[in-house]
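A.B. asks: model this:
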Amino acid sequence: MRQLRTIFALAVVLLACPGVLRAQQQPETKLEIVPRNLEQGGGLVTDLSTGFTIATNGVLVKYGEAVLTADNATIDPSTGDITADGEVRIQQDEQLWASEHVRYNYKTHQMVAEQFRTGETPVFAAGAGLHGDITNRIYTATNAVLTTDDVARPAFKVKARRIEIIPGKRIRAYGATLYIGNVPSFYFPYFSRSIGEHSNNFNFTPGFRSLFGPFLLGRYTWYYSDELDGVFRADYRLKRGPGVGPDINYHFGKWGEGTLRYYYTHDDDSTADQLGVEIPRDRQRVYFSYEANPATNLYLKGLFRYESDLAVTRDFFEGEYLRNPQPNSFLEANKFWDNFSVDAFAQPRLNRFLETVERLPDVKVTGYRQEIGASPLYYESDSSVGYYRRLFAVDQGTNGPPSGLNYQAGRADTYHQVVLPLTLFGWLNFTPRVGGRGTYYSEASGPGATTDEQTRGVLNTGAEVSFKAYRLWPNIRSTFFDVDGLRHILEPSANYVFVPSPTVAPSQLPQFDYELPSLRLLPNEFPDFNAIDSIDSQNVIRWGLHNKLQTKREGEVVNLVDWNVYADWRLKPRADQTTFSDLYSDVTLRPGSWLTVESLTRYDLNTGEWRMAFDTVTIHPSTIWSWRIGQYYLRDDLSLSPTALGAGNNVYTSAIYYRLNENWGFRMNHYFDAHTGRLQEQSYTVYRDLRSWTAALSFLKRSNPIGPQDFTVAFTFSLKAYPHYPLGTDTGGPYSLLGM
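C.D. replies: You can find the predicted model right below:
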């Protein structure tokens, strides 16, 4: 027993020693007293025996993080007391104190002042009878004023009988009255406001929408700790009823970060939505995300989204719906090594009204391009195994049978390729390749099953040729176009792909990973082409030409012109193909720092028709105004092909922002449908800058092709220190300002 006690005592001593050593090694905080305005007679008188100092005509005193400046002061280093007069300023941490006469102890942070002003953005205060609590560092004042408006005459303020200030943390007010201008508007027996980095706050958006009637959308943003924060929503729409739900964000470092969102509303007018589809009265959505990096090169991700009906997000969170109208759910784990990675992916279906390919699970091993020994050859691979279920959408209104016949099967696929990157003549890049794929399919089951057990083989080969040429014109300069020298880069390329007919045709295989409709040209070589189940014969050359015209602006290289043109020449087209694909052109022009032109086009070489044109012109000469105009054109594609794009569109857009002066701004957006000749959507917003907070009055009108017209008006305001929405969220659309 004695031996155990001795060992325990020795361990305690050893554990304590580092702390003692650290305490002994900590440098002693020095007191610095620096005279100011020496040319005006400023100076110091110091008692060498005690260090007591009298400073006149300007002095700066620094002790650790505390800095004091004043016209005159007496400093007693033995006690830490400073008595300062005349334009006294004390900077302690992030808090600034101002007064004409202060007694301050720089060691204990105790402070006494008759009149004072203090501020730590975004809250400022002034008052009388300031006293500091030595132990808790709580400062108390009487007859005080609080505001977030950092001007001599704030637009709104809170007057309080007594306030308590905890620097860097919180301000409390007792017997407080809210003043707008000089008019008392509301009385608070008790008021508390966090002044730390994360502060709790309320935001409200009142308004009217024809679909909702009058509404009030409320958000309470709260901060619990560095690990936990969030938002609580409490909304009321007169026609539709109340809606509530929390958003909880968690931050656990390497163990994960993410968000849990829940929203519920009992819809009082759920007989039919804008498209005439019946929806339930009890409507809700659940969103959960998870992302973690618990170990080196190990990543975990999870996303689960449940919606009670197909329109709940569109009706109440339209901005989110426009970003992703078909939410999916998945769980994924990735592990990376130098040359390989393993990915495990599971995707269940949580919303029956959306078509989904369930993966239960899908495990893939990827071999990155790597050198084969000391040879010039490189190897890459992509192999996967999984069990898949293709589930078609169930009609939301009738809850009847799905729109197609479901089926399911297992699949194991492996792909291997060898490439030989060469540089010929010192400038020509030539990369031949050859690869092979083997895929096993189990017999499909389910009401839509039509395929038997199959084993398919696919061979592919080809080569890519490219080179780069450039020319310099260093002496070309233009002030108007903001040009300082020019460089032209030309990159032609040709990529040949040959795939003979697979041993099993795609029509005899269950389709889980298949070609989807796309506005752009899909990859034509493996493994980038990942529609595994629809692989068919190919004999094609992809021609490409990439042009860049560059200059220097403010010391940085900028692309005046970035133009990429490409198309496929099918040497032996299949029955469902033409000899030439569409001609694609992607171009971005920046002829001046104030002008940007972007264009994505698609031209049918066989019929001589434009199939797509997405063009935008943005004029932004200054921060005072900007104008963006665009056309979004898509020709009808009503063919029976599974990659058909469907009904086309032809929309002209305009977005103008103009800042009238420092206090007023204006934005308007228009969407004109040239097919119908209808101004499909128009919105207008007036902004008012009120120094410490901003306000916006927004109006939106829609001419829906089905159902009644929809119009909304809303008023949004928020403190600049605690903005309701991130900067720029209203640029692409007004939905954030309308609570949508």
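
A.B. asks: For the one helix or strand residue 611 maps to, name the packing helices and strands.
C.D. replies: Element membership of residue 611 [criterion: DSSP states H and E] is strand 609-619. Packing contacts for strand 609-619, counted by 3 or more CB pairs under 8 Å, 6 or more residues apart in numbering; DSSP states H and E, involve strand 595-604, strand 625-634. All C-beta atoms are positioned from the backbone trio N, CA, C, and that covers glycine.

A.B. asks: gap between it and the chain center?
C.D. replies: 26 Å (CA atoms, centre = their mean, to the nearest Å).

A.B. asks: ok, back up a step: could the helices and strands packed on strand 609-619 be laid out in JSON lines, adding mean neighbour count and distance to residue 554?
C.D. replies: Conversion of the helices and strands packed on strand 609-619 to JSON lines gives the following (neighbours: other CB atoms under 10 Å; distance: least, CB to CB, whole Å):
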{"stretch": "strand 595-604", "mean neighbour count": "17", "distance to residue 554": "16"}
{"stretch": "strand 625-634", "mean neighbour count": "17", "distance to residue 554": "19"}
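
A.B. asks: partners of residue 188 in the sheet?
C.D. replies: residue 176 (DSSP bridges).

A.B. asks: before we move on, the earlier item: just tell me which of the helices and strands packed on strand 609-619 ends up closest to residue 245.
C.D. replies: strand 625-634 (34.2 Å; CB to CB).

A.B. asks: Can you give me every residue that contacts residue 362?
C.D. replies: 344-347, 384-386, 388 (CB atoms under 8 Å, 6 or more residues apart in numbering).

A.B. asks: for the stretch 101-250 of the chain, what spans make up the strands?
C.D. replies: With DSSP state E, counting those that start in this stretch applied, the stretch 101-250 of the chain shows strands at 110-120, 123-132, 139-147, 156-166, 170-180, 183-194, 201-209, 213-225, 228-237, 241-251, listed in chain order.

A.B. asks: how about those in a markdown table, adding distance to residue 567 and mean neighbour count?
C.D. replies: Converted to a markdown table, the strands of the stretch 101-250 of the chain look like this (distance: least, CB to CB, whole Å; neighbours: other CB atoms under 10 Å):
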| stretch | distance to residue 567 | mean neighbour count |
| --- | --- | --- |
| strand 110-120 | 61 | 20 |
| strand 123-132 | 61 | 20 |
| strand 139-147 | 64 | 20 |
| strand 156-166 | 62 | 20 |
| strand 170-180 | 65 | 18 |
| strand 183-194 | 59 | 12 |
| strand 201-209 | 47 | 18 |
| strand 213-225 | 49 | 16 |
| strand 228-237 | 49 | 17 |
| strand 241-251 | 46 | 16 |
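
A.B. asks: could I get the ones you listed as TSV with distance to residue 302?
C.D. replies: Listed next are the strands of the stretch 101-250 of the chain as TSV, based on distance: least, CB to CB, whole Å:
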stretch	distance to residue 302
strand 110-120	39
strand 123-132	39
strand 139-147	43
strand 156-166	39
strand 170-180	36
strand 183-194	32
strand 201-209	29
strand 213-225	22
strand 228-237	18
strand 241-251	13
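
A.B. asks: just so I know, which of those strands lies nearest residue 686?
C.D. replies: strand 201-209 (13.9 Å).

A.B. asks: Which among the helices and strands packed on strand 609-619 is found nearest to residue 234?
C.D. replies: Residue 234 sits nearest to strand 625-634 of all these, at 35.6 Å, using CB to CB.

A.B. asks: Quick check: bridge partners of the closest residue to residue 674 other than its chain neighbours?
C.D. replies: Leaving aside its chain neighbours, residue 674 sits nearest to residue 650 (4.1 Å; criterion: CB to CB, 6 or more residues apart in numbering). Beta-bridge pairing for residue 650 (DSSP bridges): residue 633.

A.B. asks: Tell me how many other residues crowd residue 650.
C.D. replies: Applying other CB atoms under 10 Å, we find 15 residues neighbouring residue 650.

A.B. asks: can you tell me which residues contact it?
C.D. replies: Residues near residue 650 by CB under 8 Å, 6+ apart: 631-634, 673-675.

A.B. asks: mind listing what's buried in stretch 404-415?
C.D. replies: Going by neighbour count (16 or more other CB atoms under 10 Å), the buried part of stretch 404-415 is 406-411, 413, 415.

A.B. asks: Secondary structure, distance to residue 658 and pLDDT for the residues you listed - can I get that in a markdown table?
C.D. replies: What follows is these, written out as a markdown table (DSSP: H, G, I helix; E, B strand; the rest coil; distance: CB to CB, whole Å; pLDDT from 0 to 100):
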| residue | secondary structure | distance to residue 658 | pLDDT |
| --- | --- | --- | --- |
| 406 | coil | 54 | 92 |
| 407 | strand | 57 | 94 |
| 408 | strand | 57 | 94 |
| 409 | strand | 59 | 95 |
| 410 | strand | 60 | 96 |
| 411 | strand | 57 | 96 |
| 413 | strand | 56 | 96 |
| 415 | strand | 55 | 96 |
